[in-house]
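> Below are the sequence and a predicted model for it; my questions follow.
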Amino acid sequence: MAAQKAPLNCIPGMAGKTDRQRFVVKVYTLMLLQVMVTLGWVICIKAIWPIRKFVLVNYFLFYVALGGSVAVMLALLCCCKKLARRHPINLILLFTYTVFESYMIGAICIFYSVETILVAVACTNALFVGLTIYALFTKKDLTYMGGMLCGCSMIILCAVILNFIIRIPILNTVILVAVLILACLYVLYDT
């Protein structure tokens, strides 16, 4: 009876797997909330001059947010794996990470036109929806990629730090492409 009421029974790989369906719905709800917080902050920065001025004048807060974001990520990946799986601490860490990332994205968006931002949002959403559909309907098991994704994340982090110190222009493009590919693989892995 519960399996019949599950929201994702129409997807072949999910039919009858109510625990998996609840997990997917919860994860996508959290991701939607993260996107909404970020979008709300970007709209505030683009539309309200005093907020934009505050972000421009206090540019050091961008670096605080960057450090906080990296600290939360490293804590989750290296030190506090068990702690990160406990409720409500996991939601607090996720919210903290979202605030840091939203602040950085908003600060970066100050320097781009609204049209450019909308194109980036549309492309990101199209990519995310397409990869999600693929992941939900594929018969391939992609859970083996966890260790590889973690290793690639660390390599990209090292490249970002190196590029911050050395400043190699082509490395910016390489890092961008690597992050995009990694983000695609994470969507497939997590779905």
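Noted; the coordinates are in hand.
> domain parsing for the protein?
2-139, 142-191 (automatic domain parsing).
> how about a markdown table for those domains, with mean neighbour count added?
The way it works is simple: take the backbone N, C-alpha and C, and place the C-beta from them, glycine included. Listed next are the domains of the chain as a markdown table, based on neighbours: other C-beta atoms under 10 Å:
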| stretch | mean neighbour count |
| --- | --- |
| domain 2-139 | 14 |
| domain 142-191 | 13 |
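> Switch these over to CSV; also include mean pLDDT.
CSV is the format used below for the domains of the chain (pLDDT from 0 to 100):
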stretch, mean pLDDT
domain 2-139, 84
domain 142-191, 84
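> quick one: the residue nearest to L77 when sequence neighbours are not counted and L74, what's the gap?
Distance criterion C-beta to C-beta, 6 or more residues apart in numbering; nearest residue to L77, sequence neighbours excluded, is C150 at 6.6 Å. Applying C-beta to C-beta, to the nearest Å, the value for C150 to L74 is 12 Å.
> can you check I51 too?
For I51, the distance to L74 equals 29 Å [C-beta to C-beta].
> The strand or helix carrying L127: how far from the chain's middle?
Here L127, judged by DSSP states H and E, is contained in helix 114-137. On the basis of C-alpha atoms, centre = their mean, to the nearest Å, helix 114-137 sits 12 Å off its chain's mean C-alpha point.
> how about the strands in the chain?
With DSSP state E as the criterion, the chain has no strands.
> The residue nearest to L77 against C78, yeah?
No: counting by C-beta atoms under 8 Å, C78 is not a contact partner of C150; they are 10.0 Å apart.
> how much space between I89 and A75?
From I89 to A75 the distance is 11 Å (C-beta to C-beta).
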